[in-house]
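> I'll drop the sequence and a predicted model, then ask my questions.
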Amino acid sequence: MELLSGGEMIARAMEDEGVEFIFGYPGGAVLHIYDALFKSCKVPHILVRHEQAATHAADGYARATGKPGVVLVTSGPGATNAITGIATAYMDSIPMVVLSGQVASHLIGEDAFQETDMLGISRPIVKHSFQVRRTEDIPEIIKKAFYIATTGRPGPVVIDLPKDLTNPHDKFEYSYPKKVKLRSYTPATRGHSGQIKKAASLLLSAKRPIIYAGGGVVQGNASEQLRVLARELNFPVTHTLMGLGAFPASDRQFVGMLGMHGFYEANNAMHHSDVILAVGARFDDRVTNTTGKFCPGAKIVHIDIDPAAISKTIAADVPIVGPVDSVLNDLLAVIHEMRAADTSLPDKDALKHWWNQIDEWRDTHGLWVRPQYDTSTPFIKPQQVIETLCKVTHGKAYVASDVGQHQMFAAQYYKFDEPRRWLNSGGLGTMGFGLPAAMGAKLAFPDADVACVTGEGSIQMNIQELSTCAQYKIPVKIISLYNGYLGMVKQWQDMQYDGRYSESVYENSLPDFIKLAEAYGHVGIQVTKLSDLEDAMKEAFARKNDLVFMDIHVDPHEHVYPMHIAPNGSMRDMWLSKTERT
Amino acid sequence: MMRHIISVLLENEPGALSRVVGLFSQRGYNIETLNVAPTEDPTLSRLTLTTIGDDHKIEQITKHLNRLIDVVKLVDLSEGAHIERELMLVKVRATGAQRAEIKRCTDIFRGQIVDVGPSVYTIQVTGAADKLDSFLEAVGEAAIMEVVRSGVSGIARGEKILSL
């Protein structure tokens, strides 16, 4: 067996684990590791400009590929800077392994230089964490970390590495374990067959059913199963913000995103449904509106890998714990059997009636039927930017977004037909996520179109990554919707604070984004007229090898609609425009 | 709202206890009492906590505890027949006629006086938590100088066990 130092073990384990990229930033506590990477590691390292961006880039890579993202940061500020990105990954159940340096073992607890209690600080936002105590344990701990991060409900795992344990002079036998077993961790592998039968008969007896599918379908690689099941039953499908793309947006059965900024037809179909099949979704507050008024007539089947997600906010009538792909397969098999025995199932007349109702909702207020925004103003509408982006990229781009109005417009107007194309911080709502996440996706898929939809607020939260993109030639397209405000904050201030724009206005303090992009060696294109928009965007995407920063000036007063009426509203209570409500 | 005794087999690893305690503060659950010590298997700790909540909250607590990688197994002892014990040490002012009175009271509660000073008794009482409460009430606030309670421990009655 080979003798390796702790640092060398880490470098080797990355190769043995099949890691494609390490996103990181060196510093005192991880210098032994960086030296080992320099000497021998075949895995490319991407030097970001801020550790937060390392975690978001690893996260974007993980969302786009389904493989775990890997981050390497130093102790103290390196570790704390990574925290926002770890929390972002945790909230959206993204597999990630974060290697954080730590001061030498004998200094721990002495307030040493760049010491911070990383395990303590990260505890509430990780799936699990380890602090290495003996160099010999490094291979097994790394294997366990990847296993935990990627199985069950995925999530980030932190490994804290005291510097002395990576010392190049202390060598130990290295072998990378093929398998690990944890007696205290056994994720469910199948759903309960009795529950699945109950669910099947409930679904087949439904008169007003709807499938409500979330990020779990994407993370659980169950899009195919969802499509087959939905088509078999001819049920409408709605997606959460996190689920977009799992079911094709261009399919007639897709009724749009649901929730706070969900489609009129989706929110109404939910509210009036008699059976909801919730798959890999968690009934969060941005979906349900007032929980006491949530879908009053609906029986709920809830499939999730995480038992704690079931009946947390809304009680499930038929809970099924298991991986969504296998549960959907089993469910489909049972449904086939039941339909073979009784060919009148499901009730086709009832479904026809239900579809007529849904189509009527869709016809009156559907965002994709005809523009629901005011086109009489001289401004470019943010919705038009996303529609143009979707058209120019044929709906096939990887779209990473930041957080705010632009995020909601992107979710509403970009028609995702495939899973893992829509990369956004849904749970934590992290501004600054977009650009590094786009970098991660572009590195994974260099030939694909990768866009970062952002605003002039969000982009400035990680704009330093323009430098990383220059160093590694990562030609993402930045679609920045410039309105001079923190748009979503302004919208809430318009609606709830009588237009008092407390600290949401930039007042001529914004940089010239074109010059800024050029200063980093990139291309900047400014668009202020609708008539220029499509051509400019075509040009941007035609520049395959350039990062293009599109600074698009949009209507500063546009709001995102529909918007749930809160507090005390139900799913179907929405503002449809500034003046019109349900 | 009911009081529950949740008993947990936990990996005897550094940081494991902080994950359990952190979960409670993070999600806004209460811990009334908590105790933890290694078991006959040195790789496992047994942790017992009491908490108050409705069925929904207790279900969430047990689900989230189970989600922790360090939690091997757990049981809500309150769901079945069980034995509950807590140990308490009480230091009381004991002078003059009170000395006999406190001794009598201790006997009634089947406690023991484990340390005697010229004006002080230290009394050990074991039992369910409400028995310990009653003892403190019987002795009277005026006499009590210091109270130390171990927190509740518990075990299921009969054949049922919590083990690997």
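Arrived safely, thanks for sending.
> make it CA atoms for all contacts and neighbour counts henceforth
OK.
> Could you check what's spatially nearest to residue 152, not counting adjacent residues?
Going with chain A. residue A:187 (4.9 Å; CA to CA, 6 or more residues apart in numbering or on different chains).
> Actually, chain B is the one I wanted.
In space, residue B:152 is closest to residue B:86, 4.7 Å off (CA to CA, 6+ apart).
> Report how many residues lie close to residue 41.
Went with chain A since none was named. 18 (other CA atoms under 10 Å in any protein chain shown).
> actually it's chain B I care about, not the one you picked
Residues near residue B:41, counting by other CA under 10 Å: 10.
> Mind naming the longest helix for chain B?
Assignment by DSSP state H gives helix B:55-67 as the longest helix of chain B.
> and the helix or strand that that one is followed by, how far out from the chain's middle?
Next helix or strand after helix B:55-67 toward the C-terminus (DSSP states H and E): strand B:71-76. Centroid separation for strand B:71-76 versus its chain: 17 Å, with CA atoms, centre = their mean, to the nearest Å.
> Downstream of strand B:71-76, the next helix or strand is which one?
Next along from strand B:71-76, by DSSP H and E: strand B:82-93.
> what residues are up against the residue nearest to residue B:152?
Neighbouring residues of residue B:86 by CA atoms under 8 Å, 6 or more residues apart in numbering or on different chains: B:126, B:127, B:128, B:129, B:132, B:149, B:150, B:151, B:152, B:153.
> Wait, the second one touches residue B:85, no?
Yes. Counting by CA atoms under 8 Å, a contact exists between residue B:127 and residue B:85, whose distance comes to 4.7 Å.
> which one of the contacts of residue B:86 is nearest residue A:138?
residue B:153 (36.6 Å; CA to CA).
> measure that closest one to chain A for me?
Separation of residue B:153 from chain A (CA to the nearest CA, to the nearest Å): 22 Å.
> okay, now that residue: neighbour count?
25.
> And the pLDDT at it?
pLDDT recorded at residue B:153 is 96.
> next one: residue B:164
Predicted confidence (pLDDT) for residue B:164: 85.
> How about the residues of the stretch 51-200 of chain A by chain B?
A:123, A:124, A:127, A:128, A:183, A:184, A:185 (CA under 8 Å from any CA of the partner chain).
> Tabulate those residues (TSV), appending neighbour count.
Formatted as TSV, these follow (neighbours: other CA atoms under 10 Å in any protein chain shown):
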residue	neighbour count
A:123	20
A:124	17
A:127	23
A:128	24
A:183	13
A:184	18
A:185	18
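> Where does the closest residue to chain B within the stretch 351-500 of chain A sit: helix, strand or coil?
Closest to chain B within the stretch 351-500 of chain A is residue A:428: 15.5 Å, counting by CA to the nearest CA. With DSSP: H, G, I helix; E, B strand; the rest coil as the basis, the three-state label of residue A:428 is coil.
> so what's it closest to, chain neighbours aside?
Using CA to CA, 6+ apart, the nearest residue to residue A:428 is residue A:88, at 5.3 Å.
> Show me where chain B has its helices.
Using DSSP H, helices in chain B cover B:16-26, B:55-67, B:98-108, B:129-139.
> Out of the ones you listed, which gets nearest to chain A?
The nearest among the helices of chain B, by CA to the nearest CA, is helix B:55-67 at 5.2 Å.
> returning to that earlier point: isn't the residue nearest to residue A:428 right up against residue A:427?
Yes. Look at residue A:88 against residue A:427 with CA under 8 Å: they come within range, at 7.0 Å.
> What pairs with the strand or helix carrying residue A:100, parallel or antiparallel?
Here residue A:100 sits within strand A:96-102, counting by DSSP H and E. Using DSSP bridges, the strands paired with strand A:96-102 are strand A:69-73 (parallel), strand A:156-162 (parallel).
> Out of the ones you listed, flag the one nearest residue A:447.
strand A:69-73 (19.8 Å).
> Which positions in the helix or strand that that closest one is followed by come out as buried?
On the C-terminal side of strand A:69-73, the closest following helix or strand by DSSP H and E is helix A:77-91. Judged by neighbour count using 16 or more other CA atoms under 10 Å in any protein chain shown, the buried positions of helix A:77-91 are A:78-91.
> that older thread, between helix A:77-91 and the strand holding residue A:100, find me the angle.
160 degrees (axes from the mean of the first three to the mean of the last three CA atoms, to 10 degrees).
> Pipe the strands paired with strand A:96-102 into TSV and attach mean neighbour count and distance to residue B:12 per row.
Shown next, in TSV, are the strands paired with strand A:96-102 (neighbours: other CA atoms under 10 Å in any protein chain shown; distance: least, CA to CA, whole Å):
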stretch	mean neighbour count	distance to residue B:12
strand A:69-73	29	28
strand A:156-162	28	18
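> Distance to residue A:557 and mean pLDDT for those strands - can I get that in a markdown table?
Output for these, formatted as a markdown table (distance: least, CA to CA, whole Å; pLDDT from 0 to 100):
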| stretch | distance to residue A:557 | mean pLDDT |
| --- | --- | --- |
| strand A:69-73 | 38 | 98 |
| strand A:156-162 | 38 | 98 |
